[in-house]
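> Model the structure of this input:
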Amino acid sequence: MWTRTRVSEAGWSWNAFLRWSAAALVAMLAIGIVWLYFLDWNTMRGPVARYASHRLNREVHIAGNLDVHLFSLTPRVSASGVRIINPAWVGQPLAADIGKLAFSFRLIPLIFGTLILPSVEIDDPNILIVRDAQGRTNWDIGLSNDGAKLPPIRRFTVQNGHLNIDDHLRKMVFEGTVSSHERANGGDAAFQLTGEGKLNGNKFLADVQGGPLLNVDVSKPYRFTVDIHSGATHVTADGNFPHPFHLGYFSAQATFSGPTLSDLYYLIGIPLPGTRPYRLSASVTRDGSLYRFSNLSGVVGSTDLHGNLSVQAADNPTFVQATLTSRQLTFTDLGPMFGALPAGDAKSVSVLPATILHVERLRQLNADIQYDAKTVKSQDFPLREAHVHAVVKNGVFTLNPIEINFSHGKLIGSIQIDAHTDSPETDVDARLTDLRLEQFFSGNPPPLEGLLEARAKLHGTGNSVHKVGSTANGAITLVIPSGKFREAFAELTGINLLNGLGLLLTNDKSDTGLRCGLMHFDARGGVLHAQQFVLDTDPVLIQGKGSVDLSRETVDLSITGQPKEFRIGRVRAPITLTGSLSSPTVGVNAAAALGQGGIAAALSFLSPVAALLPFVDPGLAKNADCVTLTQEAKKGAAPVKTRHMTTPSGRKTKQ
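Numbers count the residues shown, from 1 in each chain. A predicted model of the protein is given here:
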C-alpha cells in the first residue's frame, strides 16, 4: 500500500511539472510577442548597433529612428541616421553616414536557413573609403578575394548616394554620386546602377544594367552590361553571373580603349606601361580570386597585340602572368613605355625622357610576362624580330633577356630596376654581336662596312630614364675588328684639302681598308668620357677625344686624322661634333689652324711655294696596334665578345 501511494504521488508530480512548464513557456512566448508588438524599438538602438559593430568590425551608431515590423511573412526593418565610425588613423570621423537604411526579408525561408531580401533601400548615403600607403583600409568587413556572396535581392534602390575614395596606395581619388533603380518594362536593362563624378580629375561615368531582379532565378545565369568612361578611357563589358548574387564568378566579353594602357591602373588595379593609344578586346572571366583575360586581341599604337593574361588576386602581392605576341611591332610604339613623348610633340626635345615612371606600382604585384614580336617595323633600324621576358618579384623589375634581331646581327641584354625605394636603382647590361654596319647606310657602296661588337654596362638611380642617365656609372665599348671606310671621309678627318675635297667633288666612292676601330667611353656621374677613340684606316689614323653629357644631353667631341703617307694641303684643324644630342652640329675647330695659317702668311713673303710648306704633312702616323687595343677592350668594364681579327701582318688572332 505504501509503495503504490509513493508511485502515484511521483507520477502526479511529473505530470504537473510538465503541464506547468508548458503553460509557463506559452505564457512567456505570449508575453514576448505582446512585448515585441508594443515595443518601442528605439530603446533597442544600442544593442542593434553593437551587433552591427561586431559584424562590420567597425563602430556603428544609430542616431535616428529604428522601426521594425516583425508580424508579417516579410518583416521589415528601417533605421535612420546610421553612422559607421572611422578608425582614428583616418583623420575623418565617419566612414558612412546613411540617411535611411531599410530592408525586408522573407520569414519562412529564413526559418529553414535561407535569407531572401524582397527589398533593400538606401537613401542619402555618404560613403568614404580610405586606404593608406601601407594598405590599411577604413572598411574591414572580412570579404575574401573570392568576392561577395549576397543573398537574393528582389529590389535594390540607392537614392542620392555620394561616394568618396581616397586610395593612397594607388594614388587614386574619386568623388561622385551613385544611384540605382529599376524601370518598369525595361527588359534586359530594367535594373540600372549608375555612377558619376571625378576620378583623379577626369570625368567619370559608369552605367551597369541588367534584367529585373524580381525575376532572377538563382539557378540560371544573370546577364549584365557595363559601360565606363574615365576621361578618354572607355571600358565595356557584356556578360553574365552564372550564380546570381555571387559576385566572385562571372564571364564577359570586354573592350578597352584609351590614350595609354597605364590609365587602366585606376580601374582594374594592374600596373601597365605607358603606351600609344590602344583598342583591345578580351574574354574576361572571374573564378573566385583568379581573373583571366583570354583571347586578348587588338592594337597598341600601330602594333597588333594578341595573347592571354591571368591575375591571381589571392596572392600577396597580386600575381600577373601573361603570354603576348605581335605579328608586327612598330618600334616607335615602345617609346612611351620609357616615358618618351609622341614624335612631333612640342615637348619631345629630350633624347632621354624625363617623364616620371610609376615604379612604386611595381611593389604592388609580382609578374611573369613573355612577349614575342615576329617582325619589327622601324624607319631607323633594320630590325627583324624581338623577344622580351619581364619578371617582377618583390619590388624588383627585370627584363631578361631582351633580344632584338637585326637583319644582320643581334642585340641581347638585360635591365633590372630595384624599386624598393622611391629613387630606384637601375642596371643595364647590353651586348651587340655580329652587327653589320653597312645595313645602317644607304649608297652603293655604303660609306662604312664591317662588323660591330659592342657592350654597355651602366648603373644609375632615379625614377625616369633621364635621371638614370644623369647618374650613370659604368662603361660603353664599341669595337670594329675590320672593315671598309669611304676614302674621302678618311682624308677629310685630317682635312686634306687636295685628297679629301678632290674625292668628294669628283663623287669618288672608292673605299679604303678599316684595319680596326675602338671607342671606349667611361661613364661617371652621367658623363661619358672618351678613353679610347680610334679608327685605323689604311691612309689615315683617326683619333678622337671629348665627352657626352647625358644630364645636359650635350656632346663635345673632337676628331683628328693623322695621315700615314706624304700629303700636301693638309689643314691641322680637328673636326668637331658639338651641341645637343638630338641635333648635334658638325664643324671645324678653325682656331687650331690659325697658327698654321700665320706661318703660311709669313712664308709667302719669301716665296709663294714656301707658303705651302705649313700645309705639307710628311705622313709619319703609324698603324694602330689593333691587337692590343681590342685586348684592352676585353679587360675593361664593358668587355666585348671574343672574335677573330686580322693583325697588320695578316695573322689571325683572338680578341
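> For the rest of this, base every contact and every neighbour count on C-alpha atoms.
Will do.
> How many residues are close by the residue nearest to residue 521 when sequence neighbours are not counted?
Taking Cα to Cα, 6 or more residues apart in numbering, and ignoring the residues beside it in sequence, residue 521 has residue 530 as its nearest neighbour in space, at 4.5 Å. As a burial measure, the neighbour count of residue 530 was computed by other Cα atoms under 10 Å and equals 20.
> Quick check: next helix or strand after the strand or helix carrying residue 239?
For residue 239, the element it lies in under DSSP states H and E is strand 233-241. Using DSSP H and E, the next helix or strand after strand 233-241 towards the C-terminus is strand 249-258.
> Rounded mean pLDDT for the helix or strand just after that following strand, please.
Under the assignment DSSP H and E, the closest C-terminal helix or strand after strand 249-258 is helix 265-268. Regarding helix 265-268, the rounded mean pLDDT is 89.
> Could you do stretch 52-62 as well?
When the per-residue pLDDT values of stretch 52-62 are averaged, the result is 88.
> what's in contact with it?
45-46, 49-50, 79-87, 139-142 (Cα atoms under 8 Å, 6 or more residues apart in numbering).
> which non-adjacent residue is nearest residue 541?
Using Cα to Cα, 6+ apart, the nearest residue to residue 541 is residue 562, at 5.1 Å.
> and the one you found, how far is that from residue 536?
Using Cα to Cα, to the nearest Å, residue 562 is found at 10 Å from residue 536.
> next one: residue 223
Using Cα to Cα, one gets 74 Å for the distance from residue 223 to residue 536.
> With residue 464 instead?
From residue 464 over to residue 536 the distance is 38 Å, taken as Cα to Cα.
> With neighbour numbers in mind, choose between the two.
Relative neighbour count places residue 536 above the other of residue 464 and residue 536, with 27 against 21, counting by other Cα under 10 Å.
> my guess is that one meets residue 512, correct?
No: with the criterion set as Cα atoms under 8 Å, residue 536 and residue 512 do not qualify as a contacting pair; they are 10.4 Å apart.
> Could you give the bridge partners of residue 559?
Per DSSP bridges, residues listed as beta-bridge partners of residue 559: residue 544, residue 575.
> With residue 390 instead?
Note on residue 390: beta-bridge partners residue 369, residue 399, judged by DSSP bridges.
> residues near it, how many?
By other Cα under 10 Å, 21 other residues sit near residue 390.
> what's the overlap in contacts for residue 562 and residue 536?
Taking Cα under 8 Å, 6+ apart as the contact criterion, the common neighbours of residue 562 and residue 536 are residue 542.
> Return the distance of the residue nearest to residue 541 relative to residue 450.
When Cα to Cα is applied, the distance between residue 562 and residue 450 equals 22 Å.
> Could you do residue 302 as well?
Using Cα to Cα, we find residue 302 at a distance of 33 Å from residue 450.
> Kindly report the same for residue 256.
Using Cα to Cα, one obtains 47 Å as the distance from residue 256 to residue 450.
> returning to what we had before: neighbour count for residue 562 and residue 450, which is higher?
Neighbours were tallied for residue 562 and for residue 450 using other Cα under 10 Å; the higher tally belongs to residue 562 (24 against 19).
> Quick check, that one in contact with residue 538.
No: counting by Cα under 8 Å, residue 538 is not a contact partner of residue 562; they are 11.0 Å apart.
> circling back: in the sheet, which strands lie alongside the strand holding residue 239, parallel or antiparallel?
Note on strand 233-241: by DSSP bridges, its sheet partners are strand 222-230 (antiparallel), strand 249-258 (antiparallel).
> Remind me which helix or strand residue 541 belongs to.
If you go by DSSP H and E, residue 541 is part of strand 540-549.
> do the same with residue 416
strand 410-418.
> One more: residue 206?
In this structure, residue 206 sits in strand 202-210 according to DSSP H and E.
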